[in-house]
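K.L.:
From the sequence below, what's the structure:
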Amino acid sequence: MDRTTFNRVLTDQRHRVYSHAMQCLRDPDDAADVTQEAFLRLWRRGPDVDDERLAAWLTRVTHNLCIDHSRRAKTVRNRLGRPDPTALDELSTRPEQIDPAGDRRQEMLDALETLPAETRSIMLMHYYQGLKLREIADMLGKNVNSLKVRIHRARKALRDVLDETTVDAISAARRESG
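P.N.:
Prediction:
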């Protein structure tokens, strides 16, 4: 791949790649690192990548890099321990400071974090990026039916987590008021 073609692809695709990484990792620095690595891999493999499949190839590479990054981060978290959920900043739990729309969105993003990295990435591609299951299947080299099963199971798991979170929030509010 020559420099001009690479620069054109970089200009055309960098926001999409970064957006996907950001949705998966939820950290701007990590998303930037994954984006940079995806384009480094494109530079190295450029001649091997079919021009018609370039966007799918980049999405697949980004997807795999996000999964790898999440696994490494999880290993580090497990070694260092997890933060104490009861040690939240007192100001962030005051009822008058809660933004219902932002709070619900944050609740959904937190619930997505409970899913395995690959499943979370599939959910983000389908629901946040609006990609069709066929497109995702082509990008990831998966079967559409297996993606349907994964999404079904993920939605059930998210329902369970969100219901549990809602119940916990109601219980906490009752304890504070009572």
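K.L.:
Assess the claim that Lys148 and Arg134 are in contact.
P.N.:
No. With contact defined as C-beta atoms under 8 Å, Lys148 does not count as touching Arg134 (11.0 Å). Just so you know, the C-beta spots here come from the backbone N, C-alpha and C atoms, and that holds for glycine as well.
K.L.:
In which helix or strand does the most centrally placed residue in the chain reside?
P.N.:
Ranked by distance to the mean C-alpha position of the chain (C-alpha atoms, centre = their mean), the top residue is Cys24 at 1.7 Å. Assignment of secondary structure by DSSP states H and E places Cys24 within helix 3-25.
K.L.:
and if you look at Gly130?
P.N.:
For Gly130, there is no helix or strand it lies in under DSSP H and E.
K.L.:
So for it, what's the pLDDT?
P.N.:
For Gly130, the pLDDT comes out at 81.
K.L.:
burial of Thr4, as a residue count?
P.N.:
8 (other C-beta atoms under 10 Å).
K.L.:
actually Asp68, sorry about that
P.N.:
By other C-beta under 10 Å, the residues close to Asp68 number 13.
K.L.:
same deal with Trp43?
P.N.:
That count, for Trp43 with other C-beta under 10 Å as the rule, works out to 13.
K.L.:
check contacts around it.
P.N.:
1, 6 (C-beta atoms under 8 Å, 6 or more residues apart in numbering).
K.L.:
for the residue nearest to the centre of the chain, what are its contacts?
P.N.:
Counted by C-beta under 8 Å, 6+ apart, Cys24 has contacts 31, 63, 66, 70, 117, 120-121, 124.
K.L.:
Repeat the analysis, applying 10 Å as the threshold.
P.N.:
30-31, 34, 62-63, 65-67, 69-70, 112, 117-118, 120-121, 123-125, 128 (C-beta atoms under 10 Å, 6 or more residues apart in numbering).
K.L.:
swap in Leu10?
P.N.:
Taking C-beta under 10 Å, 6+ apart, one finds 17, 35, 39, 42-43 in contact with Leu10.
K.L.:
Which of these fall in helices?
P.N.:
17, 35, 39, 42-43 (DSSP state H).
K.L.:
Pull out the buried members of these.
P.N.:
Using 16 or more other C-beta atoms under 10 Å as the burial test, the ones in helices among the contacts of Leu10 include 17, 35, 39, 42 as buried.
K.L.:
Identify the residues contacting the first one.
P.N.:
Under the criterion of C-beta under 10 Å, 6+ apart, the contact partners of Val17 comprise 10, 31, 34-36, 38-39, 42, 55, 58-59, 61-62, 65.
K.L.:
any idea how far it is from Leu58?
P.N.:
Distance, Val17 to Leu58, by C-beta to C-beta, to the nearest Å: 6 Å.
K.L.:
And for the last one?
P.N.:
With distances taken as C-beta to C-beta, Leu42 is found 6 Å from Leu58.
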